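Enquirer: no FASTA, just this:
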C-alpha cells in the first residue's frame, strides 16, 4: 500500500508541477498562444450547433488500475480548457458529479456546442463532457450512472495550472 501511495503522490505532484510550469513559462503570451506540452492523451471532437467552435478539446487522463488486495481503481483527469478559454473555476461539486466553468477566448465566444466521451450502459467509465454556451465552456465529470454494487465517487477536485483537475475512484 505504501508503494502505491508514494507512486500516486509522486505522479500527481509531477503532473501538477508540469502543468503549472508550462503555464508560468509563458506569461508574456496571450491565452490564445498557450500550447499544451505534452499534448493531452485523449481528444474529444466538438459537435458545433452555432458560432465558431474549436474542432476538438483535450484531456490528460492517468489511470491507476486495480491496487493491492482491494478491488479499487483511480483516475486523474485534467481538462485542457486553457487552450480555448481562460482561468477555470469550480461551479458544482457532488460526490458523483463535478463541473467547472471557464470564459471562452474571444475567437470561440460565439460557440454553441458540445463534446463528450462515449459511454456504454453499465460502464465503469466516467462521462466527460464539454458544453459550450453563453461565452463559456463547462467541463463536467459524471459518475451518476455507475452500476449498482460499485462504489464510485470523485474524491478530489481543484484547479491546477488554471485548468480543471479531479481524482475519482471506484471500488467493487
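Expert: On my side now, so go ahead. For clarity, every value in this text was computed on a predicted model and none was experimentally measured. Numbers count the residues shown, from 1 in each chain.

Enquirer: what about this structure, any weak spots by pLDDT?
Expert: Judged by pLDDT under 70, the chain has its weakly predicted residues at 1-37, 65-72, 120-124, 147-150, 172.

Enquirer: can you give me the helices for it?
Expert: When secondary structure is read from DSSP state H, the chain shows helices at 2-24.

Enquirer: Run through the strands of it in chain order.
Expert: Assignment of strands within the chain using DSSP state E yields the ranges 42-45, 47-50, 56-64, 72-79, 89-94, 97-103, 112-116, 127-133, 136-142, 151-160, 163-171.

Enquirer: Of these, which stretch is the most buried?
Expert: The highest average neighbour count among these, using mean count of other CB atoms under 10 Å, belongs to strand 136-142 at a mean of 23. C-beta coordinates here come from the backbone N, C-alpha and C atoms, glycine included.

Enquirer: Packing partners of that one?
Expert: In terms of contacts (3 or more CB pairs under 8 Å, 6 or more residues apart in numbering; DSSP states H and E), strand 136-142 is packed against strand 97-103, strand 127-133, strand 163-171.

Enquirer: The second one pairs with which strands, parallel or anti?
Expert: Each strand that pairs with strand 127-133, with its direction, by DSSP bridges: strand 112-116 (antiparallel), strand 136-142 (antiparallel).

Enquirer: and the first one with strand 56-64, angle?
Expert: Right, strand 112-116. Here strand 112-116 points in a direction 30 degrees away from that of strand 56-64 (axes from the mean of the first three to the mean of the last three CA atoms, to 10 degrees).
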